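1. Whatever this is, show me its structure:
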Amino acid sequence: MEIYSEYYGDGRKATVTRLRRSLDPAFDVWEVSLYIENRVVQRTTCNNEPEAVSIAESYTQGGDGNQVLLNEVINNG
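-> Alright, predicted model coming up:
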């Protein structure tokens, strides 16, 4: 596992990590970890680097305002 890149936004952070699955790089996956104030709110994997970078950039630039901390409760009542 190696951190490929980190992205920062207003109270948000995203890291893109390359996960090596075997000696053949074709089997590698990219994990995107999304943070709010240094707390992980979501992790997702992608099959290619451009898609992972796109998710990270979009998140840190405020592209998804629906993220909440894992210990928060949403009450729609």
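
2. Counting by contacts, list what the lowest-mean-pLDDT helix or strand in the chain packs against.
-> When each helix and strand of the chain is scored by mean pLDDT, DSSP states H and E, strand 2-9 comes last, with a mean of 87. Where contact means 3 or more Cβ pairs under 8 Å, 6 or more residues apart in numbering; DSSP states H and E, strand 2-9 is packed against strand 12-19, helix 49-60. Every C-beta, even on glycine, is put in place using the N, C-alpha and C of the backbone.

3. Mean pLDDT added to those, as a markdown table?
-> Converted to a markdown table, the helices and strands packed on strand 2-9 look like this (pLDDT from 0 to 100):
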| stretch | mean pLDDT |
| --- | --- |
| strand 12-19 | 94 |
| helix 49-60 | 93 |
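
4. ok, how many other residues are close to the closest residue to residue 8 other than its chain neighbours?
-> Spatially, and ignoring its direct neighbours in sequence, residue 8 is nearest to residue 60 (6.0 Å; Cβ to Cβ, 6 or more residues apart in numbering). One way to gauge burial is a neighbour count; for residue 60, by other Cβ atoms under 10 Å, it gives 20.
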